[in-house]
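Enquirer: got a structure for you, letters missing:
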């Protein structure tokens with residue numbers, strides 16, 4: 001028999017007869033630490049840094065997927081000014097700028113597979129290629145301050161609509177390319193001895209769906225279906241999802257239905273959160289500046305953490 005004590009961040013399991021700590025579940029990362037004891041040292045614990053997969057006993061790495069258009073990418077994030085922090089070396093990072101669309105007609109641009117958190121070199125507001133960064137930097141840093149290892153996959157491209165560019169899984173759009181990148185990322189982690197569980201989707205997109213009344217009106221239905229299908233694809237029925245877009249962008253400002261759609265989805269699904277970009281520094285009418293991108297990352301981290309607090313330990 002076990003005794004359970006828990007708060008918003010941790011779930012502790014004790015042996016009811018001997019009173020010893022058996023396991024610790026971190027609700028913020030989804031990881032579980034199994035505590036073992038023997039006759040020589042009953043208090044000595046063997047701590048797993050990641051939750052173990054029940055089938056093959058490989059450590060489980062929490063995987064966060066960041067997807068969307070230019071403010072997810074960081075179109076005006078000047079990578080030349082970004083300074084590395086020690087925590088960056090604990091964060092696995094992989095990025096792709098999706099190609100074969102109006103913004104990038106050629107092949108996708110990408111890094112060298114799994115690296116540590118840092119700037120990217122691809123098409124952006126400073127050139128093609130040029131060093132840039134997005135909200136992933138401060139988002140991942142904020143979440144990793146507790147010392148937990150995580151992995152982030154970033155799949156973005158500016159000026160991309162859900163109705164015409166991303167589309168639903170199986171329709172040959174950017175979503176399929178993103179899914180392929182996530183699967184490649186998980187496969188590479190498995191080859192290195194780790195599994196990866198998708199623990200969050202950050203969807204920063206919607207401005208380009210406000211180009212017409214018809215597209216703005218259809219956005220909510222497409223987005224809700226996309227979330228459902230991605231949860232099914234990743235076998236995570238309760239996958240935490242954080243939504244957002246620049247509601248002051250000319251498109252949503254003229255057709256706020258796209259913003260209302262995101263907020264309605266978040267209001268109806270307890271595992272979906274909506275975030276605002278109001279008050280964040282901007283480089284122009286459409287894009288966040290360096291400081292705005294960093295603050296946006298903090299907002300995304302906070303929203304995702306609050307969703308993780310709602311989850312039951314697994």
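Expert: Nice, thanks for sending it over. Every value quoted in this text rests on a predicted model; they were computed, and no experiment measured them.

Enquirer: out of everything not next to it in sequence, what's closest to residue 197?
Expert: The shortest distance from residue 197 to any residue other than its chain neighbours is 5.4 Å, reached at residue 60 (CB to CB, 6 or more residues apart in numbering). No exception for glycine: its C-beta is placed from N, CA and C like everyone else's.

Enquirer: Any figure for the gap between the one you found and residue 198?
Expert: 11 Å (CB to CB, to the nearest Å).

Enquirer: Following the chain past the helix or strand of the chain with the lowest mean pLDDT, name the next helix or strand.
Expert: The least trusted helix or strand in the chain, going by mean pLDDT, DSSP states H and E, turns out to be strand 51-52, with a mean of 50. Read in the C-terminal direction, the helix or strand following strand 51-52 is strand 59-68, with elements assigned using DSSP states H and E.

Enquirer: Contacts made by the helix or strand that that following strand is followed by with the rest, please.
Expert: Toward the C-terminal end, the helix or strand that comes next after strand 59-68 (DSSP H and E) is helix 70-73. In this structure, residues lying in contact with helix 70-73 by CB atoms under 8 Å, 6 or more residues apart in numbering are 66, 97, 124, 132, 134-135, 154, 156-159, 202, 204-205, 245-246, 277, 286-288, 293, 296.

Enquirer: Please tell me the pLDDT value assigned to residue 57.
Expert: According to the prediction, residue 57 has pLDDT 73.

Enquirer: Can you list which of the contacts of helix 70-73 are found in strands?
Expert: 66, 97, 124, 132, 154, 156, 202, 204 (DSSP state E).

Enquirer: which residues of the stretch 51-200 of the chain fall in strands?
Expert: With DSSP state E, counting those that start in this stretch as the definition, the stretch 51-200 of the chain shows strands at residue ranges 51-52, 59-68, 91-97, 109-110, 115-116, 120-124, 127-132, 150-156, 195-204.

Enquirer: If you average pLDDT over each of these, which is lowest?
Expert: Lowest mean pLDDT of these: strand 51-52, a mean of 50.

Enquirer: Run through the protein and note the low-pLDDT ranges.
Expert: Low-confidence regions of the chain, defined here as pLDDT under 70, cover residues 1-56, 148, 313-314.

Enquirer: that older thread, neighbours of the residue nearest to residue 197, how many?
Expert: Residue 60 is surrounded by 23 other residues when neighbours are defined as other CB atoms under 10 Å.
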